[in-house]
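# pasting the sequence and the predicted coordinates here, then a few questions.
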There are 2 protein chains.
Amino acid sequence: MPHFADRLIEACERKSSRVCVGLDPVIEKLPSGIDRSDPIRAIEVFCREVIDAVREHAVCIKPQSACFERYGHRGVKLHEETSIYAQRAGLLVINDAKRGDIGISAAHYAVACLEHADALTINTYFGPDGIEPFVTHAAAEGKGLFALVRTSNPGGDAIQGLKLTGGGRVCDAAAKMVHEVGRSACGRSTYSLLGAVVGATKPDDAATLRELMPHAVFLVPGYGAQGAGADDVRACFNHDKLGAIITASRSVIYAHEKSPGQPWQQAVRDAAAGMREEINEILG
Amino acid sequence: MPHFADRLIEACERKSSRVCVGLDPVIEKLPSGIDRSDPIRAIEVFCREVIDAVREHAVCIKPQSACFERYGHRGVKLHEETSIYAQRAGLLVINDAKRGDIGISAAHYAVACLEHADALTINTYFGPDGIEPFVTHAAAEGKGLFALVRTSNPGGDAIQGLKLTGGGRVCDAAAKMVHEVGRSACGRSTYSLLGAVVGATKPDDAATLRELMPHAVFLVPGYGAQGAGADDVRACFNHDKLGAIITASRSVIYAHEKSPGQPWQQAVRDAAAGMREEINEILG
């Protein structure tokens, strides 16, 4: 399998898209046309239809593991099957499972969470020995990782925004660590298999983190429902107009809520297409 | 269901034990008498025998989720079944899954990971809104949580040990946050349902964190195979000789490696009993 970052960059250029669609299926929010008597079956149908609707416009699909684990081992099986379905539809699958551990437990998570996915989100709080076992496995398998550096939630500052005596904040230190661990794992594209989750919050933040991690692909949540705008997103890209994947969940997969007069699949398709357009305009 | 901390403290006093056994089954390390042709079946047999062997001496059992997830949805099913088996054997189950997310995803993880367990390990990097949805669910269900504050791995200092301009280190700030979020969720025992993972590393660390989180039960890894000693462990307890659960995995569940002349189950039983004795001696 070729290097993950090379596969990702190639797909971005071929599809002229920087869009990732977050697949966060919540039973109460599914379109009314879907039979909800069996939640697992309902979510299966919904996910497949979303994948079919966005496959042309998105580069990646990002299943939220919690939404599947919610249903125990049957949900985990559906997560595996949905990931395989998305890969067959030509999408790169980012398993948004936010795993974190050390040593052999980290290695086990890498095997488990990357088996049916192309990339995995991981935690940074353990330090480098909480990241390296994931990198070792990902490198051997042509897979990728996105380490949590700066999250988009309101409380993210409580730890990530703390100022350090040596200068910078905790998230900057996490960024430097990600850069150090990932710099030796770059592909032909000059991007590393070890990327970073950087919430589209304030453009100043994104610019600083972009400098600290020149080889990292940013996975950028916060667009759409969470209200990030064009400036926030622009700062996440490098000068090559690459190096960031913008992800939206609710504003795409539940787009039918705002356009009731058409088939829900069409609303989802239009939302993904519109997001691709908007981001391409920002990139100029 | 009564408050988690009350259930835990009651079990500690009734069993005169502060011992948690980490269940980290790795197929290559299982005793040679176990048929390994079907890994899932082999791990099932091993886990049940370990649970039977330690149930008298341990208060908690801590299945390492990664070791089960390693085998996909079939492994997750085994994780569920093993947890139920341990609960029926009178042990409190701490699901060591180190989950972390925000909003509804965190709530989903809480439902999924606590359904067959009494407590769950969670991440702190997201800030308070990454902890509160777990606390809400746990409070409603009589379940508990252990937030990662200070991990026992060599690289733990890279983030957790960074010094802050306002004084203290990142792990101290995480401790203060855990105290703030958890203080309103205390049981009759004065302990909170929100505990903390505090690695038995340096006794100075443990003493500082003990002061910052007076109501938190510490889940303390690092004993045994990772080499922590009596002083390290002593500082994790409050003056009431409660408030900490000491956990060991390899030194107990693979005790047969060091005592080849007896049934492996007996070696496991003796290791758990010995650990209970050692810790009770430290407590005086």
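Great, that's in hand. Residues are numbered from 1 along each chain as shown, chains lettered A, B, ... in the order given.
# pull the number of nearby residues for A:Gln262.
When neighbours are counted by other C-beta atoms under 10 Å in any protein chain shown, A:Gln262 registers 12. To be clear about C-beta, it is placed using only N, CA and C from the backbone, and glycine gets the same treatment.
# swap in A:Pro25?
Using other C-beta under 10 Å, A:Pro25 has 25 neighbouring residues.
# before we move on, what about A:Pro203?
Counted with other C-beta under 10 Å, residues neighbouring A:Pro203 total 17.
# again with A:Phe218
By the criterion of other C-beta under 10 Å, A:Phe218 has 26 neighbours.
# bridged to it, which residues?
A:Ala196, A:Ala244 (DSSP bridges).
# where do the strands of chain A begin and end?
Taking DSSP state E as the criterion, chain A carries its strands at A:19-23, A:60-63, A:92-99, A:119-122, A:144-150, A:194-198, A:218-220, A:244-248.
# what's the first one in contact with?
When contacts are defined by C-beta atoms under 8 Å, 6 or more residues apart in numbering or on different chains, strand A:19-23 is touched by residues A:47, A:50-51, A:54, A:57-64, A:67, A:82, A:86, A:94, A:96, A:219, A:221, A:245-250, A:252-253, A:272, A:275-276, A:279.
# at 6 Å instead, please
A:47, A:54, A:58, A:60-63, A:245, A:247, A:249, A:252, A:275-276 (C-beta atoms under 6 Å, 6 or more residues apart in numbering or on different chains).
# and the second one, by the same measure?
Applying C-beta under 6 Å, 6+ apart, the contact partners of strand A:60-63 are A:20-23, A:82, A:86, A:91-94, A:96, A:245, A:247.
# just name the closest of those residues to chain B, please.
A:Asp96 (8.3 Å; C-beta to the nearest C-beta).
# partner residues bridging that closest one?
Applying DSSP bridges to A:Asp96 gives these bridge partners: A:Gln64.
# I'd assumed A:Gln64 was in contact with it.
Yes. Between A:Asp96 and A:Gln64 there is a contact under C-beta atoms under 6 Å: 5.1 Å.
# those two: which is more packed in?
Between A:Asp96 and A:Gln64, A:Asp96 has the larger neighbour count (other C-beta under 10 Å), namely 29 against 24.
# pLDDT wise, what is the more buried one at?
At A:Asp96, the model reports a pLDDT of 98.
# ok, it - contacts?
A:62, A:64, A:121.
# one more: A:Ala248?
A:Ala248 neighbours (C-beta under 6 Å, 6+ apart): A:223-224.
# 8 Å - rerun?
A:Ala248 makes contacts with A:19-22, A:221, A:223-225, A:275, as judged by C-beta under 8 Å, 6+ apart.
# for A:Gln262, same thing?
Listed by C-beta under 8 Å, 6+ apart, the contact partners of A:Gln262 are A:His256.
# neighbours of the residue nearest to A:Ile104 when sequence neighbours are not counted, how many?
Closest residue in space to A:Ile104, ignoring its immediate chain neighbours: B:Val26 at 6.4 Å, by C-beta to C-beta, 6 or more residues apart in numbering or on different chains. Number of residues near B:Val26 (other C-beta under 10 Å) recorded here: 17.
# I'd guessed A:Ile51 sits against A:Leu91; true?
Yes. Between A:Ile51 and A:Leu91 there is a contact at 6.7 Å, judged by C-beta atoms under 8 Å.
# return the residues of the stretch 1-150 of chain A in contact with chain B.
Contact residues, the stretch 1-150 of chain A versus chain B (C-beta under 8 Å from any C-beta of the partner chain): A:24, A:26, A:64, A:66-67, A:69-77, A:80, A:98-106, A:108-109, A:111-113, A:115, A:123-130, A:148.
# mind redoing it with 6 Å?
A:64, A:66-67, A:69-70, A:73, A:76-77, A:98, A:100-102, A:105, A:108-109, A:111-112, A:123, A:125-129 (C-beta under 6 Å from any C-beta of the partner chain).
# B:Val233: which of the contacts of strand A:60-63 is nearest?
B:Val233 has its nearest neighbour among these in A:Asp96, at 37.0 Å by C-beta to C-beta.
# ok, what's across the strand from A:Ile122?
Bridge pairing for A:Ile122 - DSSP bridges - gives A:Arg99, A:Ala147.
# from memory it sits against A:Phe146, does it?
No. Counting by C-beta under 6 Å, A:Phe146 is not a contact partner of A:Ile122; they are 7.2 Å apart.
# residue boundaries of the helices in the stretch 151-284 of chain A?
Ranges of helices in the stretch 151-284 of chain A, per DSSP state H, counting those that start in this stretch, are A:157-160, A:170-182, A:203-212, A:230-234, A:250-253, A:264-283.
# looking at those, which is closest to B:His239?
Nearest of these (C-beta to C-beta): helix A:157-160, 29.5 Å.
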